[in-house]
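**Q** Here is the input, now give the coordinates:
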Amino acid sequence: MGSIVSTPRRAVHEAGHVVACLIEGFTVARSSILRVGRSVQGYTQSSRLSPEQLRRQLPDMDPIARRQEPERHALVSVAGSVAERLVFGYAHDCPEARKAVQYLAAAGDAQDVIASRLSELGARAERIITAHRRQVMRMAGLLEHAHELGRDLEGPAIHQFWADYLAGRPGS
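**A** Below is the predicted model of the structure:
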């Protein structure tokens, strides 16, 4: 039986994905926290490609994009666990680390290169979450509130939150 994840922990986890998506320039369609039996799960739907879709598109990209695109996608994958660890002191095991490896493998690198790049991306995600911790926590609060109402947090509300933050508006 898997471990039970609390709603606040899951909210922080998903907020980490949302903030990383926004920083990396992805469009977020929605994010949600779901109760499934005794566990709490979540998802963030964005404009990111699947690892297989990315692998098919890489040959058509310029050399810089061939390196940056897998890293952008992988960074978003690890950001949820990084946010969880920074806020709560540890993160639950999740399949997103495997997905991050799949994104990096799409570029065709050897395993030792992937391991090094994954470590670098973890450190980069930590810097991003640390620099935007206030926004991660506010986003987590919005996700919890939407969950209490039985709703997803929709893309327009997420992007308005981020636009307010970037414009320096109070409450963002």
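
**Q** now the helices for this protein?
**A** Ranges of helices within the chain are 7-23, 51-57, 63-88, 96-105, 111-131, 133-148, 155-166, based on DSSP state H.

**Q** quick one: buried residues of the shortest one?
**A** In this case it means helix 51-57. Applying a neighbour-count criterion of 16 or more other Cβ atoms under 10 Å, the buried positions in helix 51-57 are 51, 54-55. Where C-beta positions appear, they are placed from N, C-alpha and C, glycine not excepted.

**Q** Show residues contacting that helix.
**A** Contacts with helix 51-57, where a contact means Cβ atoms under 8 Å, 6 or more residues apart in numbering, come from 49, 69-70, 73, 99, 102-103, 105-106.

**Q** and if we set it to 10 Å?
**A** Residues outside helix 51-57 that contact it (Cβ atoms under 10 Å, 6 or more residues apart in numbering) are 48-50, 61, 65-66, 69-70, 72-74, 77, 98-108.

**Q** What of stretch 147-167?
**A** With contacts defined as Cβ under 10 Å, 6+ apart, stretch 147-167 is touched by 7, 10-11, 14-15, 18-19, 21-23, 27-35, 40, 42-47, 132, 134-135, 138-139, 142-146, 169-172.

**Q** lowest-pLDDT helix or strand in the chain?
**A** Scoring the helices and strands of the chain by mean pLDDT, DSSP states H and E places helix 96-105 at the bottom, with a mean of 90.

**Q** Can you pull the poorly scored residue ranges out of this protein?
**A** Within the chain, the ranges that satisfy pLDDT under 70 run 1-5, 93, 171-172.

**Q** quick one: E84 and E126 touch, right?
**A** No - contact between E84 and E126 fails when scored by Cβ atoms under 10 Å: they sit 11.7 Å apart.

**Q** Who has more neighbours out of the two?
**A** Higher neighbour count among E84 and E126: E84, with 24 against 16, using other Cβ atoms under 10 Å.

**Q** Could you say which of the helices of the chain is packed most deeply?
**A** Burial of these is given as mean neighbour count (mean count of other Cβ atoms under 10 Å); helix 7-23 ranks first at a mean of 26.

**Q** tell me the angle of that helix relative to helix 133-148?
**A** Per axes from the mean of the first three to the mean of the last three Cα atoms, to 10 degrees, the angle that helix 7-23 makes with helix 133-148 is 120 degrees.
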